[in-house]
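Asks: Sequence first, then the predicted structure, then my questions.
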2 protein chains.
Amino acid sequence: MRIGDLAAEAGVTVKAVRYYESQGLLKPRREANGYRAYSAEDVIVVREVKALLSLGLTAEQTYPFIECLRAGNDRADVCPASLTAYRARIAEVDRRIAELTELRIKLADLLTDAENWRTQR
Amino acid sequence: MRIGDLAAEAGVTVKAVRYYESQGLLKPRREANGYRAYSAEDVIVVREVKALLSLGLTAEQTYPFIECLRAGNDRADVCPASLTAYRARIAEVDRRIAELTELRIKLADLLTDAENWRTQR
DNA sequence: CTTGACCTTGACCCTGGGGGCAGGGTTTAG
DNA sequence: CTAAACCCTGCCCCCAGGGTCAAGGTCAAG
């Protein structure tokens, strides 16, 4: 199958597929005319990458998941490296939520302060 | 004063100062040799920009605050436009926290699922 | 055989807030 | 006089692609 079919079937853009390839996540063969040729397995890979990116992982961080698939597993997340990646991402999210929560407090304080200053003048 | 002095006094890098200028937040005069020349007021502006960026505003969003300062106010955040910008940023942070909280749940579910699958095999 | 619609290719510029580096000119202290 | 420290502009890099382009390939209908 060609890149447009793959993209449509996996629910991403052609541009995204080419980007994944540039990141080393796909290695399609080429037809005689230079067109990229994909297997049915590549659809699974692209869907997985899409799902992982939407969880906030970087393209690079999806690597262990794809390797897990390529190793013959039905699921990309049953390998130890995948579990580690999940845990790392959860920790990252927790850190980010804590940061934003602090920031929220700071902003609210600043707003209150600025409002009070105005009514006092 | 020159760019290095300004940067040191405001606690940012020379590169950052030039970037702020490229975003229209500073308009230094030039010495005969082409060096940028800053006023003492510019230190205040740069400090303000730095503080606002650390609150997650974009350089563009700092614009109303700088205008407020230039209008002669002692504080950059006492103008109506500044209050609006604060409120917008708070709403943004709230949205982001909500997103991350949902994401956290998804990730934890996926992790649990993958772990269980492993112990079951 | 040709036309037109659609597909694919690689290549370029853009995002935000700068960091890093190159290759120059200027100034200041010793 | 020279070396260090400063300043200038301009270019490439990040991340996950989006937008646009010119050029060429494919496939059906007429």
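Replies: Here it is on my side, so go on.
Asks: I'd like the distance between the residue in chain A that DNA strand D sits nearest to and residue A:89.
Replies: Here chain A gets closest to DNA strand D at one residue, residue A:58, 2.9 Å apart by CB to the nearest atom of the strand. Glycine gets a C-beta too; all of them are placed from N, C-alpha and C. Residue A:58 sits at a distance of 10 Å from residue A:89 (criterion: CB to CB, to the nearest Å).
Asks: what does residue A:14 give?
Replies: Using CB to CB, one gets 27 Å for the distance from residue A:14 to residue A:89.
Asks: buried set for stretch A:70-81?
Replies: Neighbour-count burial for stretch A:70-81, with 16 or more other CB atoms under 10 Å in any protein chain shown as criterion, is recorded at A:76-79.
Asks: ok, now how distant is the closest residue to residue A:12 other than its chain neighbours from residue B:117?
Replies: Using CB to CB, 6 or more residues apart in numbering or on different chains and skipping residues adjacent in sequence, the residue nearest residue A:12 is residue A:50, 5.4 Å away. Using CB to CB, one obtains 21 Å as the distance from residue A:50 to residue B:117.
Asks: Could you do residue A:25 as well?
Replies: Distance check for residue A:25 against residue B:117: by CB to CB, it reads 23 Å.
Asks: ok, the two, which is more surrounded?
Replies: A count of neighbours by other CB atoms under 10 Å in any protein chain shown puts residue A:25 above the other of residue A:25 and residue B:117, at 20 against 13.
Asks: mind checking the SS state of the more buried one?
Replies: Secondary structure of residue A:25, reduced to three states by DSSP: H, G, I helix; E, B strand; the rest coil: coil.
Asks: hang on, it packs against residue A:67?
Replies: No. Distance between residue A:25 and residue A:67: 10.1 Å, which falls outside the contact criterion (CB atoms under 8 Å).
Asks: so who does the residue nearest the centre of chain A touch?
Replies: Among the residues of chain A, the one closest to the centroid is residue A:53, at 1.0 Å (CA atoms, centre = their mean). If a contact means CB atoms under 8 Å, 6 or more residues apart in numbering or on different chains, then residue A:53 has A:59, A:62 as its contacts.
Asks: Tell me the secondary structure at it.
Replies: Using three-state DSSP, the structure places residue A:53 in helix.
Asks: distance of it from DNA strand C?
Replies: The spacing between residue A:53 and DNA strand C, counted by CB to the nearest atom of the strand, to the nearest Å, is 15 Å.
Asks: same question, residue A:42
Replies: With the distance defined as CB to the nearest atom of the strand, residue A:42 ends up 12 Å from DNA strand C.
Asks: next structured bit after the host helix or strand of the residue nearest to residue A:12?
Replies: For residue A:50, the host element (DSSP states H and E) is helix A:40-54. Downstream of helix A:40-54, the next assigned helix or strand under DSSP H and E is helix A:63-70.
Asks: Output the contacting helices and strands for that next one.
Replies: Contacts defined by 3 or more CB pairs under 8 Å, 6 or more residues apart in numbering or on different chains; DSSP states H and E place helix A:63-70 against helix A:40-54, helix A:80-120.
Asks: Now distance to residue A:7 too, for these, in JSON lines please.
Replies: Converted to JSON lines, the helices and strands packed on helix A:63-70 look like this (distance: least, CB to CB, whole Å):
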{"stretch": "helix A:40-54", "distance to residue A:7": "8"}
{"stretch": "helix A:80-120", "distance to residue A:7": "25"}
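Asks: Much appreciated, bye for now.
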